[in-house]
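Enquirer: Let me see the structure of the following:
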Amino acid sequence: MKCALVTGGSRGIGRAICLKLAQELGYHVLINFQHNETAALETLAAIEANSGSASLLKFDVADKSAVDKALSTWESSHPEAQLEVIVNNAGIAKDGLFMWMPAEDWSSVINTTVNGFYHVTQFFIQKLLRQRYGRIINMISVSGVKGTPGQTNYSAAKAALLGATKALAQEVAKRNITVNAVAPGFIHSDMTADMDEKELKKLIPANRFGEPEEVADLVTFLASSKASYITGEVININGGIYS
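Expert: Numbers count the residues shown, from 1 in each chain. Prediction:
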């Protein structure tokens, strides 16, 4: 059984990625979530409705012991499973001007994005090296590429993940493991639901927000065998807002 793990896979872009990996690449998808089990079950049902297979994995990516426990338990109960794809999608935003930013808002955003990447990817990396195949895709953001005012913590976290992507890609490339980052701009999701779309569209050359499915198409390509010579790259998907 070939598997793909998507952290933060219950809603939005994560859900769209789970659906595409199951439908187009035939993976058994491990849908990670932390709080919203209802949404995770909806994602599972959508995959199964399209004749795909998936299962739920509840853990907080920022908590190493929780990650290790959940993934070890899953591995021991699925000895025949072969994990090939990791999509590090889990992330949170706690926006605010830096001069008024509480320490908790700084550390929680960093912990989820950066430490979450470490906890999940490090758990599997030796197994990917032994099997000589893997796809690691890190979801960053236009904020991590150019910086966004009011998001110093989020921009810092995503920029750190960008650097980690480029470094890890060079470490594991000889074993047929690719590591890439995808940097979405404004995409319809819970994270952008409260934004002034009418005003923000004026900043976007394509004159619209993107759809989660469009991001998922890119991630699915990078997760496929067709992308075997692409590694260490950051691919922007933002309607031309930052090119």
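Enquirer: give the contact list for the closest residue to Asp190 other than its chain neighbours.
Expert: With sequence-adjacent residues excluded and distances taken as Cβ to Cβ, 6 or more residues apart in numbering, Asp190 is closest to Gly12, at 5.7 Å. Placement of C-beta: from N, CA and C, glycine included. By Cβ atoms under 8 Å, 6 or more residues apart in numbering, Gly12 lies in contact with 187, 189-191, 212.
Enquirer: Repeat that for Asn176.
Expert: Taking Cβ under 8 Å, 6+ apart as the test, what Asn176 contacts is 132-134, 228.
Enquirer: same thing but 6 Å
Expert: 132-133 (Cβ atoms under 6 Å, 6 or more residues apart in numbering).
Enquirer: got it, and Leu21?
Expert: Leu21 neighbours (Cβ under 6 Å, 6+ apart): 4, 27, 29.
Enquirer: And Gly210, by the same measure?
Expert: Neighbours of Gly210 in contact, by Cβ under 6 Å, 6+ apart: Ile187.
Enquirer: Save the contacts of Leu21 as JSON lines, and put in distance to Ala103, secondary structure and neighbour count too.
Expert: Shown next, in JSON lines, are those (distance: Cβ to Cβ, whole Å; DSSP: H, G, I helix; E, B strand; the rest coil; neighbours: other Cβ atoms under 10 Å):
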{"residue": "Ala4", "distance to Ala103": "35", "secondary structure": "strand", "neighbour count": "27"}
{"residue": "Tyr27", "distance to Ala103": "39", "secondary structure": "coil", "neighbour count": "26"}
{"residue": "Val29", "distance to Ala103": "36", "secondary structure": "strand", "neighbour count": "28"}
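Enquirer: Tell me the one among the residues you listed nearest to Leu168.
Expert: Taking Cβ to Cβ as the measure, Leu168 lies nearest Ala4 of the contacts of Leu21, at 17.9 Å.
Enquirer: can you pull the pLDDT of that closest one?
Expert: Note for Ala4: predicted pLDDT of 98.
Enquirer: That one contacts Ile31, doesn't it?
Expert: No - the pair Ala4 / Ile31 is not scored as a contact, 9.9 Å apart, by Cβ atoms under 6 Å.
Enquirer: that older thread, tabulate the contacts of Gly12 in a markdown table, adding columns for neighbour count and secondary structure.
Expert: Listed next are the contacts of Gly12 as a markdown table, based on neighbours: other Cβ atoms under 10 Å; DSSP: H, G, I helix; E, B strand; the rest coil:
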| residue | neighbour count | secondary structure |
| --- | --- | --- |
| Ile187 | 21 | strand |
| Ser189 | 19 | coil |
| Asp190 | 11 | helix |
| Met191 | 19 | helix |
| Pro212 | 20 | helix |
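Enquirer: any chance of those residues in JSON lines, plus distance to Asp95?
Expert: JSON lines is the format used below for the contacts of Gly12 (distance: Cβ to Cβ, whole Å):
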{"residue": "Ile187", "distance to Asp95": "16"}
{"residue": "Ser189", "distance to Asp95": "15"}
{"residue": "Asp190", "distance to Asp95": "14"}
{"residue": "Met191", "distance to Asp95": "10"}
{"residue": "Pro212", "distance to Asp95": "20"}
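Enquirer: With respect to Pro149, which of those is nearest?
Expert: Closest to Pro149, out of all of these and judged by Cβ to Cβ, is Met191, at 16.6 Å.
Enquirer: show me what contacts the spatially most central residue of the chain?
Expert: With distances taken as Cα atoms, centre = their mean, the residue of the chain nearest its centroid is Asn89 (1.9 Å). Neighbour list for Asn89: 6-8, 14, 139 [criterion: Cβ under 6 Å, 6+ apart].
Enquirer: Which of those ranks first by neighbour count?
Expert: Val6 (35 neighbours; other Cβ atoms under 10 Å).
Enquirer: The closest residue to it other than its chain neighbours is in what secondary structure piece?
Expert: In space, and not counting its chain neighbours, Val6 is closest to Val87: 4.4 Å by Cβ to Cβ, 6+ apart. Assessed by DSSP states H and E, Val87 sits inside strand 82-88.
Enquirer: Fine by me, we can end here.
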